[in-house]
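A.B. asks: Take this sequence and fold it.
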Amino acid sequence: MGLFVAGMAMLTAPVGAAVLGAGSPATAAPAPGQYAYVTNGNDNTVSVIDTASNTVTATVTVGTYPSAVAVTPDGAHVYVANSDDNTVSVIGTASNTVTATVTVGAYPSAVAVTPDGAHVYVANYDANTVSVIATASNTVTATVTVGTGPLAVAVTPDGAHAYVANNDANTVSVIATATNTVTATVTVGTYPSAVAVTPDGAHVYVTNAGANTVSVIATASNTVTATVTVGTGPLAVAVTPDGAHAYVANVGANTVSVIATATNTVTATVTVGAAPYGMAVTPDGAHAYVPNNSANTVSVIDTASNTVTATVTVGTHPSAVAFRPLVAATPTPATPTATPAATVTATPASLPVTGGRGQSYAIVAAALVGVGIALVAGSALLIRRRRFTA
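C.D. replies: Numbering: from 1, shown residues only. Okay, here's the model as predicted:
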């Protein structure tokens, strides 16, 4: 939801001592900039898009049929659900290589990271479960039974709950993350396929692919308080960082519906590529990225004008997208000025020697690190596996 935090670290060390920072071998520094990670189902790859130039700068091979993606709040890792081999690939963003592979439940279809970055929730469609991965060890520490056909998952901004869209049950399961138990079940529209939580945590937007609607759940009561008609086959949804709009990808209409959350009405419709499957809004809210599954492209929407300003060619059958938050270039620290050696005049008596020896220098390094919560639609499976067909 695009909260940016400025971080400053002050380190004090003697002259000549090594000062470990973000660029040290212990913690590899991610490249500056903001990047979009796009899953390509038929290529078994993830395309990495530099959002400044809207060009693909890297392609990462992952597991079989990657269908969903989420980025940790610190931007250091990307978690990719591989539906056909029941695994989650962990990509280190510093090198854009897979650093771990985690076995989860049958047919993982969605991933979401908690705001503190400690856990990843994975919806397993064929197992009717959600796997909980501890990111420190990249092991599954809990498995939660939910409704039939869980296809999407999103975590609230406070990290207290995970909302899971059960595609075959027409419900949303609410998981309390403290206990990893289901505490509520909300009936929504036909074939719910994606979920997104507003930045204030007050509402959850659920796309109903079989009903061409979006259900709005009030989290205080876990009841549906509004239903919004959108385009044909809404598969994905993302809420802007200011909470003012929800962007909905309509796979059967090749459009994106823009919902004003204050009134829950559609205020704009944007034509994109063929079969838009996924949706994510940049942390600054300026753009929405839409993977077009049949066009092998990503449409970039300017949210100020709601027009497509760029189209990026990616791999085959792109289905989901998530952003690594903005990382600013680390400024080069100033080189300390050498202190001249003190001149000592010999005298018959011993004199204390004073000067530059034993001095220490305070080195201050400041870097802006974007902290964001990825809201992942995890909707790649619906056309491929569900009754709805584009």
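
A.B. asks: Quickly list what residue 129 is bridged to.
C.D. replies: Beta-bridge pairing for residue 129 (DSSP bridges): residue 124, residue 145.

A.B. asks: Would you mind measuring from it to residue 147?
C.D. replies: Residue 129 is 10 Å from residue 147, where distance means C-beta to C-beta, to the nearest Å. To be clear about C-beta, it is placed using only N, CA and C from the backbone, and glycine gets the same treatment.

A.B. asks: The nearest residue to residue 290 once chain neighbours are set aside: what's it in contact with?
C.D. replies: Spatial nearest neighbour of residue 290, excluding adjacent residues (C-beta to C-beta, 6 or more residues apart in numbering): residue 299 at 4.4 Å. By C-beta atoms under 8 Å, 6 or more residues apart in numbering, the contact set of residue 299 is 272, 273, 276, 289, 290, 292, 308, 310, 311.

A.B. asks: which residues sit in contact with the third one?
C.D. replies: What that stands for is residue 276. Counting by C-beta under 8 Å, 6+ apart, residue 276 makes contact with 235-236, 249-251, 254-256, 290-293, 299.

A.B. asks: ok, what's across the strand from it?
C.D. replies: residue 292.

A.B. asks: so where is the chain shaky, pLDDT-wise?
C.D. replies: 1-31, 329-390 (pLDDT under 70).

A.B. asks: Helices along this protein, start to end?
C.D. replies: For the chain, the helices defined by DSSP state H cover 381-385.

A.B. asks: Pull out the buried members of the contacts of residue 276.
C.D. replies: Neighbour counting with 16 or more other C-beta atoms under 10 Å marks 235-236, 249-251, 254-256, 290-293, 299 as buried within the contacts of residue 276.

A.B. asks: can you redo the contacts of residue 276 as JSON lines with distance to residue 178?
C.D. replies: Formatted as JSON lines, the contacts of residue 276 follow (distance: C-beta to C-beta, whole Å):
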{"residue": "235", "distance to residue 178": "31"}
{"residue": "236", "distance to residue 178": "28"}
{"residue": "249", "distance to residue 178": "32"}
{"residue": "250", "distance to residue 178": "36"}
{"residue": "251", "distance to residue 178": "35"}
{"residue": "254", "distance to residue 178": "42"}
{"residue": "255", "distance to residue 178": "39"}
{"residue": "256", "distance to residue 178": "35"}
{"residue": "290", "distance to residue 178": "35"}
{"residue": "291", "distance to residue 178": "33"}
{"residue": "292", "distance to residue 178": "39"}
{"residue": "293", "distance to residue 178": "36"}
{"residue": "299", "distance to residue 178": "39"}
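
A.B. asks: what's the closest of the buried ones among the contacts of residue 276 to residue 83?
C.D. replies: Within the buried ones among the contacts of residue 276, the smallest distance to residue 83 is 13.8 Å, found for residue 293 (C-beta to C-beta).

A.B. asks: these two touch, right, the closest one and residue 275?
C.D. replies: Yes - between residue 293 and residue 275 there is a contact at 4.2 Å, judged by C-beta atoms under 8 Å.

A.B. asks: pretty sure residue 176 is in contact with residue 163, am I right?
C.D. replies: No - the pair residue 176 / residue 163 is not scored as a contact, 11.3 Å apart, by C-beta under 8 Å.

A.B. asks: When these two are compared, which one has more neighbours?
C.D. replies: residue 163 (26 against 14; other C-beta atoms under 10 Å).

A.B. asks: ok, now how distant is the more buried one from residue 169?
C.D. replies: Distance, residue 163 to residue 169, using C-beta to C-beta: 14 Å.

A.B. asks: Then residue 299?
C.D. replies: Distance, residue 299 to residue 169, by C-beta to C-beta: 31 Å.

A.B. asks: buried residues in stretch 117-133?
C.D. replies: Result for stretch 117-133 [16+ other C-beta under 10 Å]: buried residues 117, 119-133.

A.B. asks: I should have written stretch 80-97 there, sorry.
C.D. replies: By neighbour count on 16+ other C-beta under 10 Å, the buried set for stretch 80-97 is 80-83, 85-94, 96.

A.B. asks: And for stretch 150-159?
C.D. replies: Neighbour count says stretch 150-159 has 150, 151, 152, 153, 154, 155, 156, 159 buried, by 16+ other C-beta under 10 Å.

A.B. asks: Check the contact between the last one and residue 177; I expect there is one.
C.D. replies: Yes - applying C-beta under 8 Å, one finds residue 159 in contact with residue 177, separated by 6.1 Å.

A.B. asks: List the residues that are in contact with both of the two.
C.D. replies: residue 114.

A.B. asks: quick one on the thing from earlier: which two of the buried residues of stretch 117-133 have the greatest separation?
C.D. replies: Pairwise distances across these peak at 27.6 Å for 117 and 126 (criterion: C-beta to C-beta).

A.B. asks: rewinding a little: so which of the buried residues of stretch 117-133 is the closest to residue 101?
C.D. replies: residue 133 (11.3 Å).

A.B. asks: beta partners for the closest residue to that closest one other than its chain neighbours?
C.D. replies: Of all residues not flanking residue 133 in the chain, residue 120 sits nearest, at 4.2 Å (C-beta to C-beta, 6+ apart). For residue 120, the beta-bridge partners are residue 113, residue 133 (DSSP bridges).
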